[in-house]
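Novice: Everything below, folded, please.
(2 chains)
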There are 2 protein chains.
Amino acid sequence: MAKQDRGVRTRQSILLAAAAVFEERGYDAAKLTEILVRANVTKGALYFHFASKEELAVEVIKAQVEASSTPLPQASKAQEFVDLGLIFAHRLAHDTLLRGSVRLTLDQGGEGLNRSGPYRDWTKVSLRILNEARDRGELQPHVEPRVTAQLLVGAYAGVNMMSQILGEAHDLSRQIAALYQHLMPGIVIPAVLETLDMSAGRGERALAEMRAVQANGAR
Amino acid sequence: MAKQDRGVRTRQSILLAAAAVFEERGYDAAKLTEILVRANVTKGALYFHFASKEELAVEVIKAQVEASSTPLPQASKAQEFVDLGLIFAHRLAHDTLLRGSVRLTLDQGGEGLNRSGPYRDWTKVSLRILNEARDRGELQPHVEPRVTAQLLVGAYAGVNMMSQILGEAHDLSRQIAALYQHLMPGIVIPAVLETLDMSAGRGERALAEMRAVQANGAR
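Specialist: I've put the predicted structure just below:
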């Protein structure tokens, strides 16, 4: 293994360990010593890659935004809007880095830490898709995409947070599906509404499709 | 002032100081010494009323549930459902104890602290009103009050949290109004929907009505 590869791997394993510790303890209570033990690296190695706990948190938070990639094209932009959220809910169940990132975003600990980034980025991605939906005539005439995009992001974060607090995180896909089932009737026109797949299993299926296309593209 | 009255006042001033410190710092970073300074009491006085920081937090959290009183009877149960949330949004802007309580509920710091209480209590109150709305034929037939009540509480908490994180807490009434404007079309039948007042100013007006009735009742 080249020296550079090893550096990349060490950095990634520190990041994963940090995400796991942030997820379990939150920002304030997370200890660098626990991250070192989990990542099985020395303090020197950690400080070579990250200047501080704060920088670690910032990098973990970034992972969430990088994961918010655009879903595959669907019959309607409204379906892509729904897919974005359902895919993320499904991924959250299987990705430590995402879960650590989300906990840091939801948590209000760590006074100095700016956690508005993911909210703004998610709002931006949602707004882009909603604007496209509007241009195609999929939205009800009174809908203001900017208001709806921000609302969706806030409501989504809250549903996620409550499912964690109530110990129902395993059930997140179903709860996020319910969120869309409640919101979309007030957003899209009836002809589009009746075509939407907003079932709890949609996220897993859409992600599998996406990965199949990516694998084909990489060949 | 009787000794007992003084005790009640001291307890209340400690609770208010604690709520203010919890709101600003969150649970983990809140220091008892800062609460003592704000309440202008001795350590002995604090420990006479509260055994620990955790007990203080538990009592501050309770204040939120006590504030979730039932709104005045309206033309529809759906309007009462909306009023419950809009009144609370308006009160949040003017009540330190509520804000401290909400911050503790949203925050994921303080591992030992059970913050599921307000979620469950809000869900219970919302569910009762939605069940009444269903019995009166105000809801669309596919609506499951239990799912909708829990969804509303989670989404509400998220909208509140995001408005704080983005520094838009002053605008909460407008954002919560947008939440109901988005959700209610998927919940109530059209004939009820067109009667609903879901404007940002509704909370303030409904609260004023409620207080006028309470003042009359107390005469």
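Novice: For residue A:152, list the residues it contacts.
Specialist: A:85, A:126, A:183 (Cβ atoms under 8 Å, 6 or more residues apart in numbering or on different chains). Quick note: C-beta positions are derived from backbone N, CA and C, even for glycine.
Novice: what angle separates the helix or strand that contains it from helix B:145-165?
Specialist: Residue A:152 is part of helix A:145-165 when elements are defined by DSSP states H and E. Here the directions of helix A:145-165 and helix B:145-165 differ by 110 degrees (axes from the mean of the first three to the mean of the last three Cα atoms, to 10 degrees).
Novice: returning to that earlier point: go through the contacts of residue A:152 and flag which are in helices.
Specialist: Counting by DSSP state H, the contacts of residue A:152 place A:85, A:126, A:183 in helices.
Novice: show me the contacts for the closest residue to chain B within chain A.
Specialist: In chain A, the residue that lies nearest chain B is residue A:158 (1.9 Å; Cβ to the nearest Cβ). Taking Cβ under 8 Å, 6+ apart, we find residue A:158 in contact with B:154-161.
Novice: Repeat that for residue A:202.
Specialist: Contacts of residue A:202 (Cβ under 8 Å, 6+ apart): A:82-83, A:86, A:177.
Novice: And the helices in chain A?
Specialist: A:3-29, A:32-39, A:43-49, A:53-67, A:77-92, A:96-106, A:116-135, A:145-165, A:172-183, A:190-193, A:202-218.
Novice: tell me what the first one is packed against?
Specialist: It refers to helix A:3-29. Helix A:3-29 sits against helix A:32-39, helix A:43-49, helix A:53-67, helix A:96-106, helix B:3-29, with contacts defined as 3 or more Cβ pairs under 8 Å, 6 or more residues apart in numbering or on different chains; DSSP states H and E.
Novice: I'd like these as JSON lines, with mean pLDDT and mean neighbour count appended.
Specialist: As requested, those are exported to JSON lines (pLDDT from 0 to 100; neighbours: other Cβ atoms under 10 Å in any protein chain shown):
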{"stretch": "helix A:32-39", "mean pLDDT": "94", "mean neighbour count": "16"}
{"stretch": "helix A:43-49", "mean pLDDT": "93", "mean neighbour count": "14"}
{"stretch": "helix A:53-67", "mean pLDDT": "83", "mean neighbour count": "19"}
{"stretch": "helix A:96-106", "mean pLDDT": "82", "mean neighbour count": "24"}
{"stretch": "helix B:3-29", "mean pLDDT": "87", "mean neighbour count": "18"}
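Novice: Throw those helices into TSV and include distance to residue B:54, thanks.
Specialist: Shown next, in TSV, are the helices and strands packed on helix A:3-29 (distance: least, Cβ to Cβ, whole Å):
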stretch	distance to residue B:54
helix A:32-39	23
helix A:43-49	32
helix A:53-67	25
helix A:96-106	21
helix B:3-29	9
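Novice: Go through those helices and name the closest to residue A:119.
Specialist: Residue A:119 lies closest, by Cβ to Cβ, to one member of these: helix A:96-106, at 7.3 Å.
Novice: quick check: domain ranges of chain A?
Specialist: A:3-60, A:64-218 (automatic domain parsing).
Novice: Which ones, among the contacts of residue A:152, also lie beside chain B?
Specialist: Taking Cβ under 8 Å from any Cβ of the partner chain as the test, chain B is in contact with residue A:183 out of the contacts of residue A:152.
Novice: right, and the helices of chain A - which one's nearest residue B:77?
Specialist: helix A:172-183 (17.5 Å).
Novice: What average pLDDT does the closest one get?
Specialist: Averaged across helix A:172-183, the pLDDT comes to 95.
Novice: Can you name the residues in contact with it?
Specialist: Under Cβ under 8 Å, 6+ apart, the answer for helix A:172-183 is A:82, A:85-86, A:89-90, A:92-93, A:151-152, A:155-156, A:159-160, A:163, A:168, A:196, A:198-204, B:147-148, B:150-151, B:154-155, B:182-183, B:186-187.
Novice: quick one on the thing from earlier: let's have the ones in helices among the contacts of residue A:152 in a markdown table, adding neighbour count.
Specialist: Below are the ones in helices among the contacts of residue A:152 laid out as a markdown table (neighbours: other Cβ atoms under 10 Å in any protein chain shown):
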| residue | neighbour count |
| --- | --- |
| A:85 | 26 |
| A:126 | 23 |
| A:183 | 26 |
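Novice: Going by distance to residue B:5, which of those wins?
Specialist: residue A:183 (49.9 Å).
Novice: Give me the buried positions along stretch A:131-143.
Specialist: Within stretch A:131-143, the residues that qualify as buried are A:132-134, A:138-139, A:143, counting by 16 or more other Cβ atoms under 10 Å in any protein chain shown.
Novice: what do you get for stretch A:192-202?
Specialist: Buried, per 16+ other Cβ under 10 Å, within stretch A:192-202: A:192-193, A:196-198, A:200, A:202.
Novice: Show the end-to-end separation of it, please.
Specialist: Using Cα to Cα, to the nearest Å, the end-to-end distance of stretch A:192-202 comes out at 17 Å.
Novice: same thing with stretch A:40-59?
Specialist: 19 Å.
Novice: how far out from the middle of the chain is it?
Specialist: Between the centre of stretch A:40-59 and the centre of its chain there are 23 Å (Cα atoms, centre = their mean, to the nearest Å).
Novice: for stretch A:48-60, same thing?
Specialist: Using Cα atoms, centre = their mean, the offset of stretch A:48-60 from its chain centre is 19 Å.
Novice: Does that stretch reach chain B?
Specialist: No. Stretch A:48-60 does not reach chain B (Cβ under 8 Å from any Cβ); its nearest approach is 13.7 Å.
Novice: Contacts for that stretch next, please.
Specialist: For stretch A:48-60, using Cβ under 8 Å, 6+ apart, the contacting residues are A:7, A:10-11, A:14-15, A:18-19, A:22, A:27, A:30, A:32, A:35, A:97, A:100-101, A:104, A:110, A:112-113.
Novice: can you do 7 Å?
Specialist: Here stretch A:48-60 makes contact (Cβ atoms under 7 Å, 6 or more residues apart in numbering or on different chains) with A:10-11, A:14-15, A:18-19, A:22, A:27, A:30, A:32, A:97, A:100-101, A:104, A:110, A:112-113.
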